[in-house]
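Undergrad: predicted model, plus sequence, below.
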Amino acid sequence: MTNQNDSHERSIVEENPRRPLLEARDLTVTFQHNPVLSRVNLSIDRGQTVAIIGESGCGKTVFMKSLVGLIKPNDGDVRFDGRSLGEIQLEELTEIRRRFGFVFQNAALFDSMSVFDNVAFPLVQQGVVSPSEIEGRVMQHLAEVGLPTEVALRQPAQLSGGMRKRVGLARALILRPEVVVYDEPTTGLDPIMSDVINELILDTRRRYPVTSIIVTHDMRTARKVADRVLMFYPRNRLDPDDPQVIYDGPPSELEHAEDRRVRQFVHGEAGERINEMVQALSL
């Protein structure tokens, strides 16, 4: 009899390493006739660490949710390992989502559960490992994110912001996902703790063969951990034929990007945005 772990291992073996793991093809998402994403075309290869940057409202989070089928596109397609998410039934889509780990912006821990139970939650929900194995894996992953043993018995309210983020990372990794999605992993942290999180992201990539997608405003994170940076631009400030991804390249070239909008964002300069805001107020 084949269990879920055997099936998962076989699916990894059967993957085509030359095929992009994730693809967006003419991806278009509109809310109440307002386009958020319009004809986005890009692919992400296995093992890449991709940082997605851009100002608020440019579609970063919508793009991230579209990759796992939480938001259905109005047009276009998202493919995971060559399969169109739009053609997959809900049960199989649920199985695909188990191949993802999520690190949420505010950790999203269950306040009524201990740290141990928070990290163990995905394993308990799947019900595929014994209680003794659950304990071993939980303690292993807490140690890997630099948390001492006694933290397992604490409640989330007893933790600092940085510790909560690390618990969230341990929980995201407990199912050994193929893709880890980070939503603003350093938001609200001081510079030192932000760098701790960045180092943990790098360490995760060294320990596990994961593909990482990091939605962030933190340019230090983008420069330090990413192989590739994508910069989205708000659709409502583009001409109809303009591409929404205005930068796709290595972090080392961000400073010298040809597009001035990229350089302004990287340096935190308002540029012509002040004039745009003044004009909008005068209408």
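TA: Cool, got the structure. The structure presented is a predicted model; accordingly, all values stated were derived computationally and were not measured. Residues are numbered from 1 along each chain as shown.
Undergrad: elements contacting the longest helix belonging to the chain?
TA: Longest helix of the chain, by residue count under DSSP state H: helix 191-207. On a contact count with 3 or more C-beta pairs under 8 Å, 6 or more residues apart in numbering; DSSP states H and E, helix 191-207 meets helix 161-173, strand 211-215, helix 219-225. The C-beta positions use only the backbone N, C-alpha and C, and glycine is treated the same way.
Undergrad: name the residues of the last one that are buried.
TA: Right, the one you point to is helix 219-225. Within helix 219-225, the residues scored as buried using 16 or more other C-beta atoms under 10 Å are 219, 221, 222, 223, 224, 225.
Undergrad: can you list these in a markdown table and add pLDDT and distance to residue 137?
TA: Shown next, in a markdown table, are the buried residues of helix 219-225 (pLDDT from 0 to 100; distance: C-beta to C-beta, whole Å):
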| residue | pLDDT | distance to residue 137 |
| --- | --- | --- |
| 219 | 93 | 34 |
| 221 | 95 | 27 |
| 222 | 95 | 31 |
| 223 | 95 | 32 |
| 224 | 95 | 28 |
| 225 | 96 | 24 |
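Undergrad: of all those, which two lie farthest apart?
TA: 219 and 225 (11.4 Å; C-beta to C-beta).
Undergrad: now for the closest residue to residue 256 other than its chain neighbours: which residues touch it?
TA: Distance criterion C-beta to C-beta, 6 or more residues apart in numbering; nearest residue to residue 256, sequence neighbours excluded, is residue 263 at 7.8 Å. Each residue near residue 263 by C-beta atoms under 8 Å, 6 or more residues apart in numbering is listed here: 254, 255, 256, 257, 269.
Undergrad: wait, a helix at the first one?
TA: It stands for residue 254. Yes: secondary structure of residue 254, determined by DSSP: H, G, I helix; E, B strand; the rest coil: located in a helix.
Undergrad: quick one, what contacts it?
TA: Residue 254 sits in contact with 219, 222, 223, 229, 247, 262, 263, 266, where contact means C-beta under 8 Å, 6+ apart.
Undergrad: ok and the helix or strand residue 138 falls within relative to helix 191-207, angle-wise?
TA: Element membership of residue 138, judged by DSSP states H and E, is helix 131-144. Helix 131-144 and helix 191-207 are oriented at 130 degrees to each other (axes from the mean of the first three to the mean of the last three C-alpha atoms, to 10 degrees).
Undergrad: mean confidence score for helix 131-144?
TA: Computed over helix 131-144, the mean pLDDT rounds to 92.
Undergrad: what sits up against it?
TA: 115-116, 119-120, 123-124, 129, 149, 151-152, 167, 170-171, 173-174, 203, 207.
Undergrad: that older thread, farthest pair in the contacts of residue 263?
TA: For the contacts of residue 263, the maximum inter-member distance is 14.9 Å, found between 256 and 269 (C-beta to C-beta).
Undergrad: more neighbours, the two?
TA: Of the pair residue 256 and residue 269, residue 269 is the one with more neighbours under other C-beta atoms under 10 Å, namely 12 against 9.
Undergrad: OK, contacts around the most centrally placed residue in the chain?
TA: Central residue of the chain (C-alpha atoms, centre = their mean): residue 181, 2.3 Å from the mean position. By C-beta under 8 Å, 6+ apart, the contact list for residue 181 reads 64, 67, 68, 100, 101, 102, 103, 212, 213, 214, 215.
Undergrad: now these as CSV including pLDDT?
TA: Shown next, in CSV, are the contacts of residue 181 (pLDDT from 0 to 100):
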residue, pLDDT
64, 92
67, 92
68, 89
100, 93
101, 92
102, 91
103, 91
212, 96
213, 96
214, 96
215, 95
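Undergrad: can you show me the CA trace of stretch 104-116 as PDB?
TA: Listed next in PDB are the C-alpha coordinates belonging to stretch 104-116 (Å, rounded to 0.1, in the frame of the first residue of the first chain):
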ATOM      1  CA  PHE A 104       3.300  35.000   6.900                       C
ATOM      2  CA  GLN A 105       4.000  38.700   7.600                       C
ATOM      3  CA  ASN A 106       3.000  38.600  11.200                       C
ATOM      4  CA  ALA A 107       3.900  34.900  11.700                       C
ATOM      5  CA  ALA A 108       0.100  34.100  12.000                       C
ATOM      6  CA  LEU A 109       0.600  31.800  15.000                       C
ATOM      7  CA  PHE A 110      -2.400  30.300  16.800                       C
ATOM      8  CA  ASP A 111      -2.400  32.300  20.100                       C
ATOM      9  CA  SER A 112      -4.200  29.500  22.000                       C
ATOM     10  CA  MET A 113      -1.600  27.000  21.200                       C
ATOM     11  CA  SER A 114       1.900  26.600  22.500                       C
ATOM     12  CA  VAL A 115       4.900  27.000  20.300                       C
ATOM     13  CA  PHE A 116       5.300  23.200  20.000                       C
END
